[in-house]
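Chemist: how would this look folded up:
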Amino acid sequence: MKITDNYFVFDEKRLEYRCIESDSAIPTSDALVLLHEGLGSIDLWKNFPQELAIATGCRVFVFSRYGYGRSTPLSEKRTFDYMHQEALNTLPNFLKHIGVDRPILIGHSDGASIAMIHNGGGHDVGGLVLMAPHVFVEDLTVKSIEQARIAFETTELSKKLGRYHEDVASAFWGWNDIWLSPEFKNWDIQMYVEKLSCESLLIQSDNDPYGTLAQIEVIEKLSRAPTQRVILKDCGHSPHFDQASATIDAIAQFVKDSLCEDRYE
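Modeler: I've put the predicted structure just below:
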């Protein structure tokens, strides 16, 4: 397996990224691009990108967004539209930098929302894998984020997250503050879901502390493109960790079907 680390500079910010290629990689320009959660980074994906590369035969790209991992630390408060900025500005420029025209986007939590805004905002992709996506803000989500704030201030959570972020304080508070702000309760991306142009694989736990099945139900209702759902039991907010085998199997089959369809269009 070949793993290459590099940096991409955009808007005067340096973003770390990684490319993973399995030994049996398919000779194709198709690629999977992973978009992490609100407290994620390259390293917090752990072995998941490598396992995907092996299971699918595709190149896998993963990067740490601004304020996370070893990318440039956050220097200001996040704004109401921070996911829109990532989806419509940073991500298109990153894809251009790595030479990927039509990726399959695999997003987790905030990353899944960014993937939907990207495609719904007019950018073509080969498919969407949406793990624990957010379309609107639920009371359940807010309560869990409030609990995360308490844990960060009173437990070892800060120390644990510090293994994955160069500046753990700005990474955490940048995410936590905006989600708990009064204005963010009105955050909603249903207008982008209505404009999705590619098939989506929806992976959700039936016991996710950060979102209910209402999130994927609204995607199924509003998306004009086909959707598939995988509902996992005994699983929290991170299907790729809590039910890794089932998640990887579902993604690998979705990727295989998507690439086959593309080649015969």
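
Chemist: please count neighbours and contacts with C-alpha atoms only from this point.
Modeler: OK.

Chemist: buried set for the worst-scoring helix or strand of the chain on mean pLDDT?
Modeler: None of the helices or strands of the chain scores lower by mean pLDDT, DSSP states H and E than helix 244-263, at a mean of 86. Along helix 244-263, these residues count as buried under the neighbour rule (16 or more other C-alpha atoms under 10 Å): 247, 248, 250, 251, 252, 254, 255, 258.

Chemist: nearest residue to residue 20 in space, please, no chain neighbours.
Modeler: Nearest residue to residue 20, sequence neighbours excluded (C-alpha to C-alpha, 6 or more residues apart in numbering): residue 3, at 4.6 Å.

Chemist: other SSEs contacting the helix or strand in which that neighbour is found?
Modeler: Using DSSP states H and E, residue 3 maps to strand 2-10. The contact analysis (3 or more C-alpha pairs under 8 Å, 6 or more residues apart in numbering; DSSP states H and E) places strand 2-10 against strand 13-21, helix 91-98.

Chemist: for residue 241, find the nearest of the ones you listed.
Modeler: Taking C-alpha to C-alpha, strand 13-21 is the member of these nearest to residue 241, at 18.8 Å.

Chemist: which outside residues touch that closest one?
Modeler: Strand 13-21 is contacted from outside by 1-9, 42, 49-50, 53, 57-66, 69-72, using C-alpha atoms under 8 Å, 6 or more residues apart in numbering.

Chemist: quick one: strands adjacent to that strand?
Modeler: Sheet pairing for strand 13-21, assigned by DSSP bridges, gives strand 2-10 (antiparallel), strand 59-63 (antiparallel).

Chemist: quick check: angle from it to helix 91-98?
Modeler: Interaxial angle of strand 13-21 relative to helix 91-98 (axes from the mean of the first three to the mean of the last three C-alpha atoms, to 10 degrees): 60 degrees.

Chemist: mean confidence for whatever helix or strand comes next after strand 13-21?
Modeler: Next helix or strand after strand 13-21 toward the C-terminus (DSSP H and E): strand 31-35. On average, the pLDDT along strand 31-35 is 97.

Chemist: measure how far strand 31-35 is from the centre of its chain, please.
Modeler: Centroid separation between strand 31-35 and its chain, computed with C-alpha atoms, centre = their mean, to the nearest Å, is 9 Å.

Chemist: ok, stretch 219-232 next?
Modeler: The chain centroid and the centroid of stretch 219-232 are separated by 17 Å under C-alpha atoms, centre = their mean.

Chemist: just the C-alphas of stretch 188-207, formatted as PDB.
Modeler: Provided in PDB are the C-alpha atoms of stretch 188-207 (Å, rounded to 0.1, in the frame of the first residue of the first chain):
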ATOM      1  CA  ASP A 188     -31.000  24.000   7.400                       C
ATOM      2  CA  ILE A 189     -29.800  22.700   4.000                       C
ATOM      3  CA  GLN A 190     -33.000  21.200   2.700                       C
ATOM      4  CA  MET A 191     -32.700  23.400  -0.400                       C
ATOM      5  CA  TYR A 192     -29.400  21.700  -1.300                       C
ATOM      6  CA  VAL A 193     -30.900  18.200  -0.700                       C
ATOM      7  CA  GLU A 194     -33.600  19.000  -3.200                       C
ATOM      8  CA  LYS A 195     -30.900  19.600  -5.900                       C
ATOM      9  CA  LEU A 196     -28.900  16.500  -5.300                       C
ATOM     10  CA  SER A 197     -28.000  15.000  -8.700                       C
ATOM     11  CA  CYS A 198     -26.400  11.700  -7.800                       C
ATOM     12  CA  GLU A 199     -27.300   8.600  -5.900                       C
ATOM     13  CA  SER A 200     -26.800   8.600  -2.100                       C
ATOM     14  CA  LEU A 201     -26.000   5.800   0.300                       C
ATOM     15  CA  LEU A 202     -27.400   6.800   3.700                       C
ATOM     16  CA  ILE A 203     -25.800   5.100   6.700                       C
ATOM     17  CA  GLN A 204     -27.300   5.900  10.100                       C
ATOM     18  CA  SER A 205     -27.500   4.400  13.500                       C
ATOM     19  CA  ASP A 206     -30.900   3.800  15.100                       C
ATOM     20  CA  ASN A 207     -29.400   5.100  18.300                       C
END
